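Asks: kindly generate the corresponding structure for this input.
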Amino acid sequence: MATLTKKRKAATANFDASKSYSVAEASKIVKEITTTKFDASVDLAVRLGVDPRKANQMVRGTVTLPHGTGKTLRVLAIVTPDKEAEAKAAGADFIGLDEYIEKIKGGWTDVDVIITMPSVMGKVGALGRVLGPRGLMPNPKTGTVTMDIGKAVTDSKGGKIDFKVDKAGIIHAGIGKASFSADKIAENANELLQTIVKLKPSSAKGTYVKSVTLSSTMSAGIIIDTKVLN
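Replies: This is a model prediction of the structure:
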């Protein structure tokens with residue numbers, strides 16, 4: 001195992017896994033304790049006091065991270081021919097209609113985001129068994145079923161992410177890379193956290209944000225103080 005630099009050793013020594021930190025402090029620590037040779041992803045896990053089995057307590061939404069995710073997303077625009085030029089100008093990686101419907105039916109899902117338009121949802125909806133489990137099904141609520149194809153493509157390329165509470169009541173989201181400055185990690189984290197707080201269901205009782213943990217690929221989780229969020 002590679003030896004840690006003095007700076008990283010000191011940071012690890014000063015980091016207490018049982019203590020909670022501010023978002024700004026946690027963002028500095030996650031950079032210091034990340035020792036992977038590749039540019040690790042930085043992730044936020046937010047445990048909510050909701051029952052996701054109840055429709056009126058489902059928390060889902062989208063947020064545009066001010067500094068993007070650090071990932072280059074591959075976007076497929078399933079559109080009618082009159083919208084192809086708009087999708088291309090906005091930077092979509094794959095553009096078409098029936099040929100991509102057939103490819104997906106055959107199991108092809110080599111994309112990160114699929115954007116389509118209301119008139120095509122009948123065809124896309126039939127792909128639910130392939131797209132649903134992979135989180136790729138377009139949805140009007142997340143802005144991926146729209147007539148404004150250009151904006152949807154630009155947003156997806158520019159750091160817009162979708163998030164949704166899982167069965168255990170946790171939202172997991174990638175909010176950047178370890179190569180980002182601590183300030184950028186903190187600003188992205190705060191943007192997501194503020195968006196989640198705004199989406200608090202009126203039917204949710206008790207503490208809404210139960211815990212928040214910041215980590216990078218293979219790093220320890222850093223507990224974030226939730227007092228300011230509840």
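Asks: can you show me the strands along this protein?
Replies: 20-21, 41-48, 60-64, 75-78, 94-96, 113-116, 160-164, 170-177, 209-216, 222-224 (DSSP state E).
Asks: please save the CA atoms from the longest helix along the chain in CSV.
Replies: Using DSSP state H to assign secondary structure, the helix with the most residues in the chain is helix 182-198. Presented in CSV, the C-alpha positions along helix 182-198 are these (Å, rounded to 0.1, in the frame of the first residue of the first chain):
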residue,chain,number,x,y,z
ALA,A,182,-13.0,22.0,-1.1
ASP,A,183,-15.1,25.1,-1.8
LYS,A,184,-16.6,23.6,-4.9
ILE,A,185,-17.4,20.3,-3.1
ALA,A,186,-19.1,22.3,-0.3
GLU,A,187,-21.1,24.5,-2.7
ASN,A,188,-22.4,21.5,-4.6
ALA,A,189,-23.2,19.7,-1.3
ASN,A,190,-25.1,22.7,0.0
GLU,A,191,-27.1,23.0,-3.2
LEU,A,192,-28.3,19.4,-3.0
LEU,A,193,-29.0,19.6,0.8
GLN,A,194,-31.0,22.9,0.4
THR,A,195,-33.0,21.3,-2.4
ILE,A,196,-33.8,18.2,-0.3
VAL,A,197,-34.9,20.4,2.6
LYS,A,198,-37.3,22.4,0.4
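Asks: now do it against strand 160-164, angle only.
Replies: Angle between the axes of helix 182-198 and strand 160-164 is 50 degrees (criterion: axes from the mean of the first three to the mean of the last three Cα atoms, to 10 degrees).
Asks: which secondary structure elements does helix 182-198 sit against?
Replies: helix 23-33, strand 41-48, strand 60-64, strand 160-164, strand 170-177, strand 209-216 (3 or more Cβ pairs under 8 Å, 6 or more residues apart in numbering; DSSP states H and E). (C-beta placed from N, C-alpha, C; glycine too.)
Asks: distance from the second one to the middle of the chain?
Replies: The reference is to strand 41-48. For strand 41-48, the distance from its own C-alpha centre to the chain's C-alpha centre is 9 Å (Cα atoms, centre = their mean, to the nearest Å).
Asks: list the pairing partners of that strand within its sheet, with orientation.
Replies: If you go by DSSP bridges, strand 41-48 pairs up with strand 170-177 (antiparallel), strand 209-216 (antiparallel).
Asks: okay, now the unreliable bits of the chain?
Replies: Scanning the chain with the threshold set as pLDDT under 70 gives 1-12, 14.
Asks: what do you get if the cut-off is 80, keeping everything else the same?
Replies: Segments of the chain classed as low confidence (criterion: pLDDT under 80) are 1-14.
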